[in-house]
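# Please work out how this folds:
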Amino acid sequence: MSGSDIRRASLDEIREMDRRGELYHNPDAPEGPSLGPDFWANAQIVEPKGTTSVHLKIDADVFDYFKQGGKGHLTRMQNVLKAYVDAMRKAG
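From the prediction side, this is the model:
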């Protein structure tokens, strides 16, 4: 695993981090509220839709704007597009 980004760690790497005492768990952390039987009676499994890979041409200045924010520029671009779609759906 490169760096300290646990989101990209394998299960073996996480186990090794735990063995070395690098993971923190607060045993005094409060429990979350119980969801109760009504919640579980109506719960449904929803599979994620996944993603679609596309080739997209955009203006250089638009790309440069997102790129100047550093790593994660494609995710930021996706988030802007998703926000636009959500707004358009709400508008009608």
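# Show me which helix runs longest in this structure.
helix 73-91 (DSSP state H).
# for whatever helix or strand residue 16 lives in, the distance to its chain's centre please.
Assigned by DSSP states H and E, residue 16 belongs to helix 11-19. Its chain's C-alpha centre and that of helix 11-19 lie 21 Å apart, by C-alpha atoms, centre = their mean, to the nearest Å.
# model confidence over that helix, on average?
Per-residue pLDDT over helix 11-19 has a mean of 90.
# ok, now stretch 43-55?
88.
# got the end-to-end distance for that stretch?
37 Å (C-alpha to C-alpha, to the nearest Å).
# Give me the distance between it and the centre of its chain.
That offset, for stretch 43-55, works out to 13 Å (C-alpha atoms, centre = their mean).
# next one: stretch 65-75
16 Å.
# May I see the buried residues of that stretch?
residue 66 (16 or more other C-beta atoms under 10 Å). Where you see a C-beta, it was placed from the backbone N, CA and C, and this is true even at glycine.
# who's in contact with it?
The contact list for stretch 65-75 (C-beta atoms under 8 Å, 6 or more residues apart in numbering) reads 63, 76, 77.
# Find the nearest non-adjacent residue to the second one, please.
Of all residues not flanking residue 76 in the chain, residue 66 sits nearest, at 5.3 Å (C-beta to C-beta, 6 or more residues apart in numbering).
# Provide the secondary structure category for that neighbour.
helix (DSSP: H, G, I helix; E, B strand; the rest coil).
# what's the answer for residue 56, then?
coil.
# measure it to residue 63 for me?
10 Å (C-beta to C-beta, to the nearest Å).
# These two - which one has more neighbours?
Neighbours per residue (other C-beta atoms under 10 Å) separate residue 56 from residue 63, with residue 63 holding more: 15 against 7.
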